[in-house]
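Participant: Structure for this input, please:
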Amino acid sequence: QVQLVESGGGLVQAGGSLRLSCTASGSIFSINTMGWYRQAPGKQRELVATITRGGGTDYAESVKGRFTISRDNAKNTVYLQMNSLTPEDTAVYYCNADRATTTRGTVIGSWGQGTQVTVSP
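Facilitator: This next block holds a predicted model:
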């Protein structure tokens, strides 16, 4: 089992910033790609950004230039710096680890519980 715990969500005014963090635990040797996804009320979960173990990144078009994903492999932690937030960014943000190598084997597709981000007009 791999546990992912997100933090850093909250309420912010439009134009403001937030920084999300997600730390993975569970006797982990390494994690391939980590990412952030979000789900707004009444909508499907969508990709926000991903980052490979080597630092390669990918972003949804809607957040390019505003959000920055980064990670600390030694801490099994991924971050999402969100700037110039708009009400359209309001959602529950979920952390994902696609493939983790642990002392008990490989764990595929781990998700955190989510953290709420609310952007007021």
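
Participant: Only C-alpha atoms from now on, for both contacts and neighbour counts.
Facilitator: Fine.

Participant: for this structure, what spans make up the strands?
Facilitator: 3-7, 10-13, 18-25, 28-31, 34-39, 46-51, 57-59, 67-72, 77-82, 91-102, 105-111, 115-120 (DSSP state E).

Participant: Kindly state the beta-bridge partners for the closest residue to Gly35 other than its chain neighbours.
Facilitator: Distance criterion Cα to Cα, 6 or more residues apart in numbering; nearest residue to Gly35, sequence neighbours excluded, is Thr50 at 4.0 Å. Beta bridges link Thr50 to Gly35, Asp58 when assigned by DSSP bridges.

Participant: can you pull the contacts of the spatially most central residue of the chain?
Facilitator: The residue lying closest to the centre of the chain (Cα atoms, centre = their mean) is Trp36, at 2.7 Å. Residues near Trp36 by Cα atoms under 8 Å, 6 or more residues apart in numbering: Leu47, Val48, Ala49, Thr50, Leu80, Tyr93, Tyr94, Cys95, Asn96.
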